[in-house]
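In: got a sequence here, can you build the structure:
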Amino acid sequence: MQRFENKRIIVVSCEKELQNTKDRHAIVTKRLLEKYNVKLEVMDWLNITKDILLKTIEKEQEIIVVIRTPWDYVKYYSKFVDWLQELITLQKEYKNIKVYNDPSLMLWNSSKTYFFDIDKWNTGISCVPTELINKQVLEMELNNDILLDKLFTKFNTNKLVIKPAVSAGSFRTYVIAKDNDSNDSNDSNHNSESNDSNDNNDYLVKGNKIFNYLRKWSLEEDKDYLVQPFCEEIVNDGEYSFIYIAEKFHHVIKKSPKRGDFRVQPEFESTIKGIPKETFDNRFYIKIEQLIKKVKEEKSQNHLILYCRVDVLIKDYNNCEMLLGEMELIEPHLYFELMEGEEEVEDVLCVNGSNTSKKKTSLKKVEHDSEELLYYSALLQ
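Out: Numbers count the residues shown, from 1 in each chain. The predicted structure follows:
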């Protein structure tokens with residue numbers, strides 16, 4: 001077995017998540033030390049400074065920084081951008097510091113304005129149509145009703161989604177209806193507890209009222225917002241997430257919102273389950289992999305994309321048409337815990353290692369060793 005005495009892995013998290021995962025990371029740390037003599041440390045990104053990394057370099061030949069769960073970055077976005085910029089500089093200056101994913105890629109991906117780039121690249125997957133609403137747009141059109149009418153007309157829809165360009169977990173994400181037949185109780189981004197039907201539209205809020213809030217937030221915080229047509233596929237069929245590890249397909253999941261909601265994150269009581277790869281025609285995978293390849297070509301040349309989650313809505317199963325909802329390259333939940341069954345997959349460690357033979361491992365093993373898969377992928381590049 002190959003050994004890596006002079007490598008150190010720093011797994012990047014945040015304060016809250018460190019407390020939630022300390023027991024699991026303790027097990028992973030022990031396994032890596034025993035099997036490969038690799039040192040691993042889990043740290044809050046706010047505590048990872050240039051001085052700390054340079055002091056570590058003095059002791060080790062190589063540092064691998066795996067940015068995994070800095071889930072509070074939206075709260076400290078300007079600091080996070082500065083931190084990524086510093087990592088970009090360090091990685092250029094010191095060849096023995098490697099960061100996954102590439103911080104320049106993460107910087108691009110940290111704002112959902114990346115949709116506009118992807119649409120220009122014509123990869124075969126279209127993004128959900130998107131309009132940027134910033135301070136300048138709001139200052140040019142002071143009448144909410146006129147601005148809303150323009151947006152409804154532009155997208156030829158009766159419902160719009162409004163969300164911050166920099167956001168996570170459906171923060172400040174709203175759906176508004178053209179007829180304003182909506183539920184005031186949801187203005188705080190909290191939906192009512194109805195379970196009758198997804199058609200009851202409990203998630204709808206008053207557009208004029210939300211745009212008043214949006215003007216306030218945009219002016220006070222100088223933040224951009226995105227407006228999109230509401231896609232009924234999210235409530236009728238759900239959202240599908242294709243997870244890639246080390247640029248290779250790993251697994252796919254389906255996320256369905258609870259009745260009366262449109263949000264698919266676990267904290268909103270959505271239904272999430274792993275589904276077989278064979279559910280989808282191979283043409284879906286070809287298109288998704290073309291997208292990943294193009295993003296790598298444009299934003300991460302000569303740098304492994306360690307993990308990627310591509311969230312899509314299916315428009316047409318027969319013709320393999322889908323809309324991109326998100327391309328998560330910073331800190332996505334990868335849902336290893338949903339992988340089920342005894343299907344054999346190649347261990348990422350052995351696929352990337354030059355001195356070891358390929359071996360097989362069951363998906364149930366991956367459920368327990370999922371974090372190690374990520375670390376091994378980075379270690380052996």
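In: can you name the residues in contact with the helix or strand containing Glu297?
Out: Secondary structure assigned from DSSP states H and E places Glu297 in helix 282-299. With contact meaning CB atoms under 8 Å, 6 or more residues apart in numbering, helix 282-299 is reached by 102, 104-105, 108, 117-118, 121, 123-125, 242, 244, 247, 249, 277, 303, 305, 308, 310, 312, 320, 322, 324, 327, 329. The C-beta positions use only the backbone N, C-alpha and C, and glycine is treated the same way.
In: just the helices in this protein please.
Out: With helices called from DSSP state H, the chain shows them at 15-36, 50-59, 77-93, 103-109, 114-121, 135-140, 144-155, 207-221, 233-236, 282-299, 348-352, 363-379.
In: I'd like those laid out as CSV, including mean pLDDT and distance to His333.
Out: As requested, the helices of the chain are exported to CSV (pLDDT from 0 to 100; distance: least, CB to CB, whole Å):
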stretch, mean pLDDT, distance to His333
helix 15-36, 72, 11
helix 50-59, 84, 26
helix 77-93, 95, 18
helix 103-109, 96, 15
helix 114-121, 95, 19
helix 135-140, 84, 32
helix 144-155, 91, 29
helix 207-221, 76, 26
helix 233-236, 92, 17
helix 282-299, 96, 18
helix 348-352, 31, 19
helix 363-379, 46, 11
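In: which one of those has the most crowded surroundings?
Out: The highest mean neighbour count among these, using mean count of other CB atoms under 10 Å, belongs to helix 103-109: a mean of 21.
In: what helices or strands is it leaning on?
Out: Applying 3 or more CB pairs under 8 Å, 6 or more residues apart in numbering; DSSP states H and E, one finds that helix 103-109 contacts helix 77-93, helix 282-299.
In: and the first one with helix 50-59, angle?
Out: What separates the directions of helix 77-93 and helix 50-59 is an angle of 30 degrees, with axes from the mean of the first three to the mean of the last three CA atoms, to 10 degrees.
In: got the angle between helix 77-93 and helix 207-221?
Out: Here helix 77-93 runs at an angle of 60 degrees relative to helix 207-221 (the same axes, to 10 degrees).
In: what of the longest one?
Out: Following the same axes, to 10 degrees, one obtains 30 degrees for the angle between helix 282-299 and helix 207-221.
In: hang on, the earlier thing: the contacts of helix 282-299, buried ones only, as a PyMOL selection?
Out: Of the contacts of helix 282-299, the buried ones go into a single PyMOL selection, burial set by 16 or more other CB atoms under 10 Å:
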select buried, resi 102+104+105+108+118+123+124+125+242+244+247+303+305+308+310+312+320+322+324+327+329
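In: re the thing from before, quick check: which of the helices of the chain is nearest to Arg68?
Out: helix 363-379 (7.1 Å; CB to CB).
In: which residue lies farthest from the center of the protein?
Out: Note on the chain: the largest C-alpha distance from the chain mean falls to Asn143, namely 34.3 Å (CA atoms, centre = their mean).
In: contacting residues around Leu33?
Out: 39-40.
In: thinking again about what came up before, in a markdown table, list the helices and strands packed on helix 103-109 along with distance to Asn156.
Out: What follows is these, written out as a markdown table (distance: least, CB to CB, whole Å):
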| stretch | distance to Asn156 |
| --- | --- |
| helix 77-93 | 33 |
| helix 282-299 | 25 |
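In: which one of those lies nearest to Ile234?
Out: That would be helix 282-299 among these, by CB to CB, at 17.6 Å.
In: got the CA coordinates for that closest one in PDB?
Out: Output in PDB follows, covering the C-alpha atoms of helix 282-299 (Å, rounded to 0.1, in the frame of the first residue of the first chain):
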ATOM      1  CA  ASN A 282     -27.400   7.700 -21.500                       C
ATOM      2  CA  ARG A 283     -27.900  11.000 -23.500                       C
ATOM      3  CA  PHE A 284     -28.600  12.800 -20.200                       C
ATOM      4  CA  TYR A 285     -25.200  11.800 -18.900                       C
ATOM      5  CA  ILE A 286     -23.500  12.800 -22.100                       C
ATOM      6  CA  LYS A 287     -25.000  16.300 -21.900                       C
ATOM      7  CA  ILE A 288     -24.100  16.700 -18.200                       C
ATOM      8  CA  GLU A 289     -20.600  15.600 -18.800                       C
ATOM      9  CA  GLN A 290     -20.300  18.000 -21.700                       C
ATOM     10  CA  LEU A 291     -21.300  20.800 -19.300                       C
ATOM     11  CA  ILE A 292     -18.700  19.700 -16.700                       C
ATOM     12  CA  LYS A 293     -16.000  19.500 -19.400                       C
ATOM     13  CA  LYS A 294     -16.800  23.000 -20.600                       C
ATOM     14  CA  VAL A 295     -16.800  24.500 -17.100                       C
ATOM     15  CA  LYS A 296     -13.400  22.800 -16.500                       C
ATOM     16  CA  GLU A 297     -12.100  24.200 -19.800                       C
ATOM     17  CA  GLU A 298     -13.300  27.700 -19.100                       C
ATOM     18  CA  LYS A 299     -12.800  28.000 -15.300                       C
END
